[in-house]
Structures are given as C-alpha cells and as structure tokens.
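Undergrad: got a sequence here, can you build the structure:
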Amino acid sequence: MLRRSWTVCAMTALLLSGTAAAQSPGTLLVGGFGQWTHFDSKWGMDTGFGNSIGYGGRIGAFFAPNWNLEADGQYTPAQAATGADYKGLGLPGESVKASTIAARLVYSFPLGNLPSIHIGAGGVLQNFRGDDNLGGATYQFGGNGLVGFNLGFGGVSLRVDGLVNYFPSNDGKFDFGAQAGLQLSPDLRNLMGGGATGAPVMWAPYMWWDQMDAPLPGTVELGGFAQWTLFDDNAGMVGNVPKDGLGYGGRVGVFLSDPRWEIEGDGYYSPHDNDAEVIPAGAATDVNAHALAARLNYNFPFRLMGRQSQFIIGAGGVRTSYKFKGGTNPPEDSYSYNYGASGLAGVRLAVANRTALRLDGVIDYMPNHDPDANMNIHFRGGLSFLIGGARPEVMCTYAGLESIPASSPNCVAPPPPPPPPPPPAMCQYNSNIPATDPACVPPPSNVDTTAITGPIYFDFDKSTIRPDAAATLDRKLPWLQANPGMRIRIEGNADERGSDEYNLALGQRRAASAKRYLVDHGIAADRFDLVSYGEERPVCTDHNEACWQQNRRDDFRIVTIGSDRIVIPPQ
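TA: The predicted structure follows:
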C-alpha cells in the first residue's frame, strides 16, 4: 500500500500544472521575497509597518513528491522602540539591524490547476545588532513554522507565506510575519547539459534504503563531521581571537534532477580559548565560533573497490559568528558577526550501501570583518548516509499502452489475433500443384538423389554453415549444375527449445544460409524456394542433445526436375 501511494503521488505531481510540476524529485527551488515582521514586544522594537519591512532569499530542493527541504535568510533594518535600549544595541529610537536564518521541512498539497498549499516547520536563528556590528548583539535559537501557497506560471510561481518564530529562552518570545515574492524552479538537466527531454518522467515507488550504486534525483545526504579549523588572525575581534582546534557539525543535502549537482547546507560549532597575540585587559577567556553555510556542489563520479565514489567541488555563502565569554570587553555572552563566501573541495568515498566516508577542505572568506577581511580554513572528516532517491518508472511496452507504467494493473498484453488458416499442402515434386493433384507423383527416374536431398545440420541457436554442412552442400553443386531446370525447396528446422516464433525465424535463417552458400557457388537464386517449419517436424522426440542435433537441420526437397529425367553428373 505504501509503495502504491508513493507511485500515485509521483504520477499526480507530474500531471498537475504550474506549481505541481515543480514537485518532481530533485527540483531546485530559488526565490526572493519581501517580508513584514511583527516583533515580540519583549524585544523592545518599533513594530510599526514602516520600521519592520525587510527582504531576503531562499533556496531548497524537492527530495520526494510534495516534500522539500529549504533554507532562507532575511534582513530587516528595524528601529528600537522609543524609551528602549536593548542590551546596548543603540540609543532609544535608533537603528537596530535584525536578521534571521531558518531551515525547514515543507510539505505541499497540489490542488490541480489551483495554487498549491504548503506547510513547513524547522529551526531559526535570529540576531539583533547595532550599526557597528560589534558588541551588544544578541542571538536567539528557536523553532519556525510556516504556511502559505504557490501560484504557478510554468517554471515561475508567486509564493506567499505566513510565518511564526518561537524563541524559548528569556521567558519565551513570538515573532509573526508575512513573506511574498517569486520562486523559480530551474531544470539543471537542461541548464547544465544533463540531457533534459520534453517527455515527462514518472517515478517508480520510493525505497528509502534499498541497494543503490550512485545518488539519484532527490537523494538526501545526512552526515556529521569533526573538523580542525585554522582561524585567521583577524577572526573574532581585536584581542579576542579563537585558538585553532577541533569542532564538530552536521550537514544535509539534496541531489538535484541532474544528480551530479547537489545543494547542501552545514553548520559547525567550535569552542576555543582566546588565542590573540596580545590579550588586552578585560578580554574574553573563551571565543566560541559557529557558522551556517549553503553551497551548490558538483560531483565528479569515479569507481573505487567496486563502488561509485565522487570528487566534490562546491561554492556558496556562509555566516560566521563568534561568542565571547569570560570578559568585560566585549561583555560576557556578546557576539560578533561576519558573512561571506564559502568554497569546498572534497571526496565522498562509498564504504557500504548508501554509506560514505566524507573528507572535505573548506575555505570561508568574510570580506566585511572589521578591521580587515579574514579567512578561516577547515579540514573535515565524517560519515554521510544517502537516503531515498527517485528512479524512473519502467513504462509499459505493449502497443498503445506506452504512456502508463509497467506496474499499472492496466499494463496487460492484448489478446493475440486468431491464427491464419493453414495453407493447402502442395506437391513435394511440383510446388505449383496441390498435394492432392493426381499429377503429384515422383519424377520418372530410378536415379539415387541422396546427394541432392541429403540434409545439413547446425549448432544450437546458430544458422552458420559448419564445415561438415559445407561439404554436404559441395556434393550438391555438380548435381544442380548438371540439371539446370531443377528447383529445390530448402526446409529449415529447429529443435524444441525456444518459442514457436523464435524457432520459425531461426529455421528461416538456416534455410537462407544454405541458399546463400549455393548461390555464392554459382547456382541461380531463383531455383530455390525457402520454408521454415520451426520445431514442427522433428525426426527425433527424445529430450537430449543427440536428439536435438538431428532436429537442427535443413531438408532439401526436389520440387521439379525441369526435364523428363535427372542427369547424373560426371564423377
């Protein structure tokens, strides 16, 4: 029942227009939006409409019919409320920068030609900071929920969402908001040369952990890793630099419609001591780093120890934050914030079914860091698990039913047509008269015609003339040359193995091989009639090779001699 349900979902998604077509596994989602946010009153923010308008973008991918993973980031140049001074973010009534990063799992309900409705849930990171990006910032982690709809126009759709963020710390806070923007669903098979076709693809029933050699469209990569980070001397802030060392993190990715491409996001956390060359008074004792990144990866497949592995290169964006503890300058539990570009090079080594060892080198470059840009280098190792993935459905092969899957109960063979009536038996001595004609009598000759009528034999499932058969055919040549008016019927036969249709075709090929041999040796082609009896005329009925060899033969029948007697060739 579950397999059938997934098949129905996949077929339905492909048949629906607009938005529903974007639900094919591996479909990439890219969008931008404007957002209005009503901040919780506990934040001390001015939530007037003009002071809480922001903008952002999202990226995601479908991993199964109607299911997708997505992440978005949003920025709002907000205002502190009059009379509020939130943790030193700025003077009352002045600017406060608000930003969020959210990741969620989304389910879409396609409604035919109407908009698709979707719901989603996941996690969110929210940050408030002053204009200088340093000190007084606050970070909150919490839950995120979303409900909305898409109105599709081919590969583009209008997307509208209502959302809520809940932050459980500090007595709990709720933010509400609304987003509206455009969402694109580019086909990477077409854009990146993956071989897109105009024909829709139907997907076979989903198996989440079956045997898989290589990633498929919609395959989800889940993994964890340990990493060693070489922090830039400018990381953190002046006098508060994290020490190089170990951290840990996790990743999730989705392989796209061209599974050489994968979109993935990862995050890490690295708690370290302050390692600044000069540590000023009041500086932090600990500088804890964490980052969230999203990248588009390209996979170069290769085989190792009988399994497919991949070299990986990727690029995207990263947001890096540093938390300072144990000091007064910056204050305890304050943050600094960077964003920039992230590049990756690595290898995914398959070690078992759907399980791989992942080794990566990552460079995060943050150009907006004060006082100078900085670059952190990470070396990662961990395991990845490849879950799910869509296989194209095997389609029905019967005439007129090619548009339905082979698993459909309607994919059944049409009834065969009634067999044609058997042809009337013809005279074996003269093919122009029926066998019942009184004139159907043996030719008037006492000559031994064994040399002409002797059979030849073939190997199993072959129509090639063997050396012994060639010798038999050579003995026929002088008889045929001495009797130019003689017509011969060559009758091809097969043993009992194989279908009727196959054996008839094999017998026809064997008769044609004998004719071709005689014609190549100077006998006119119009002197031969060919017929195949398949396995209908066995000379032996036992079920063994010795008997089958006798049935794999060509028989030769004299149809007419063309004169009143058979001429014996000179010896």
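
Undergrad: for the closest residue to residue 221 other than its chain neighbours, name its beta-bridge partners.
TA: In space, residue 221 comes closest to residue 253 once its chain neighbours are excluded; the distance is 4.1 Å by Cβ to Cβ, 6 or more residues apart in numbering. For every residue, glycine as well, the C-beta is placed using N, CA and C. Partner residues in beta bridges with residue 253: residue 221, residue 264, with DSSP bridges as the criterion.

Undergrad: does residue 253 touch residue 297 like I think?
TA: Yes - look at residue 253 against residue 297 with Cβ atoms under 8 Å: they come within range, at 7.2 Å.

Undergrad: find residues that contact each of the two.
TA: By the contact definition Cβ atoms under 8 Å, 6 or more residues apart in numbering, residue 253 and residue 297 are jointly contacted by 262, 263, 264.

Undergrad: list the residues that contact the first one.
TA: Contact analysis of residue 262 by Cβ under 8 Å, 6+ apart lists 215, 221, 253, 254, 255, 256, 296, 297, 298, 299, 314.

Undergrad: likewise the second one?
TA: Going by Cβ under 8 Å, 6+ apart, residue 263 touches 28, 59, 60, 61, 253, 254, 256, 294, 295, 296, 297.

Undergrad: farthest pair in those?
TA: 60 and 297 (14.9 Å; Cβ to Cβ).

Undergrad: hey, which helix or strand in this protein has the poorest pLDDT?
TA: Least confident element among the helices and strands of the chain, by mean pLDDT, DSSP states H and E: helix 2-15 (a mean of 40).

Undergrad: after that one, next one along is what?
TA: Per DSSP states H and E, the first helix or strand lying C-terminal to helix 2-15 is strand 28-38.

Undergrad: so which elements touch that following strand?
TA: If you count contacts as 3 or more Cβ pairs under 8 Å, 6 or more residues apart in numbering; DSSP states H and E, strand 28-38 packs onto strand 53-64, strand 67-79, strand 156-167, strand 173-184.

Undergrad: closest to residue 438 out of these?
TA: Where those are weighed against each other on Cβ to Cβ, the nearest is strand 53-64, at 78.4 Å.

Undergrad: and that closest one, how far out from the chain's middle?
TA: Taking Cα atoms, centre = their mean, to the nearest Å, one finds the center of strand 53-64 at 22 Å from the center of the full chain.

Undergrad: then stretch 161-177?
TA: Using Cα atoms, centre = their mean, the mean C-alpha position of stretch 161-177 is found 37 Å from that of the whole chain.

Undergrad: okay, buried residues for it please.
TA: Of the residues in stretch 161-177, those scored as buried under the neighbour-count criterion (16 or more other Cβ atoms under 10 Å) are 161, 163, 164, 165, 167, 173, 175, 177.

Undergrad: so which of these sits lowest on pLDDT?
TA: Across the buried residues of stretch 161-177, the smallest pLDDT goes to residue 173, namely 89.

Undergrad: next one: that one from residue 123, what distance?
TA: Here the criterion is Cβ to Cβ, to the nearest Å. By it, residue 173 lies 15 Å from residue 123.

Undergrad: before we move on, what about residue 504?
TA: Using Cβ to Cβ, which is the criterion applied here, residue 504 is 68 Å from residue 123.
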